[in-house]
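K.L.:
Let's see this in three dimensions:
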Amino acid sequence: MFELLSYNFLQRALIAGSFIAVACALLGIFLILRRDAMIGHGLAHITFAGVAIGLLLHMMPLLAAFIVAVLTALGILKLKEKAGLYGDTAIAIFSSTGFAVGVIIISLSQQFNVNLFSYLFGDILAIGKLEVWMSLTVAAAIMAAVTVYYPKFMYITFDQESAKVSGLKVDRFEISITVLTAITVVLGMKIVGILLVSALLVIPAASSLQLAKNFKQALIWSALISVLSVNLGVLTSILFDLPASGTIVVISFLIFLLLLSIKRIKS
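P.N.:
Got it, this is the predicted structure:
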């Protein structure tokens, strides 16, 4: 194990994975409590279209995915506002359409190869220095925002109508959370893949709610559980020759089951 930890590729995987885990965990708490947990799933499907466009145009798939994910995230908010749709309806419309567009583009470009599979199912051990710095930047931005605007974020999360009446810019909060989620989903697809990235947003946050006695504890526990899941998942996958993405999600789920069982026993 100590010999493995000396390899640069594994160090990059654990560092980048930990930063993305923190970003997903903090955002996940807000999404779950606001009943927007499915937005990660929806944006992940839309990101597939971005990757497909990148492969078709022979540009960096990660960059194309960033652009498509952010624009679509803003589009979801506009559709909710203008069409009067519930959040999950707007997400379902965009996610299904985005994935369908991705399938068509991939079929036309004939780029259904190993590169595409790495985006679908993740390839954390192939993370480069650029992804490490991007993960650090996103995690730092989210932690800074939560720290500085903690009282406002908590107020808006638990009582949105009262927050509007009190003069808080609820719309700006929604845009910030949605855009940050889109960016995190794009980076997260290198960790666990497009098809599983929503699990990093939801499962650790749901696990933390089994332990936390207040909102601040929920944020801290969510980050710790998420980082633990990623690190244990990566190391376990190497030791037993398993897919890293699937192992991370399964370990995260097992932690959730354990905490849920403990809570049930205590009650």
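K.L.:
So residue 25 is in contact with residue 228, correct?
P.N.:
No: with contact defined as C-beta atoms under 8 Å, residue 25 does not reach residue 228; the gap is 10.3 Å. Placement of C-beta: from N, CA and C, glycine included.
K.L.:
Next, the contact list for the residue nearest in space to the middle of the chain, please.
P.N.:
Centre of the chain computed as the mean C-alpha position; nearest residue by C-alpha atoms, centre = their mean is residue 185, 4.1 Å away. Counting by C-beta atoms under 8 Å, 6 or more residues apart in numbering, residue 185 touches 40, 43-44, 47, 69, 197-198, 201.
K.L.:
can you count the residues close to the closest residue to residue 183 other than its chain neighbours?
P.N.:
Nearest non-adjacent residue to residue 183, counting by C-beta to C-beta, 6 or more residues apart in numbering: residue 138, 5.7 Å away. When neighbours are counted by other C-beta atoms under 10 Å, residue 138 registers 22.
K.L.:
What of the one 10 residues further on?
P.N.:
Using other C-beta under 10 Å, residue 148 has 10 neighbouring residues.
K.L.:
so how far is residue 44 from it?
P.N.:
Noted for residue 148: a distance of 28 Å to residue 44, by C-beta to C-beta, to the nearest Å.
K.L.:
circling back: what about residue 25 and residue 228, which has more around it?
P.N.:
When neighbours are counted by other C-beta under 10 Å, residue 25 and residue 228 differ, and residue 25 comes out ahead with 30 against 17.
K.L.:
Give me the buried stretch members for the host helix or strand of residue 119, please.
P.N.:
Assigned by DSSP states H and E, residue 119 falls within helix 114-121. Applying a neighbour-count criterion of 16 or more other C-beta atoms under 10 Å, one finds 116, 118-121 buried in helix 114-121.
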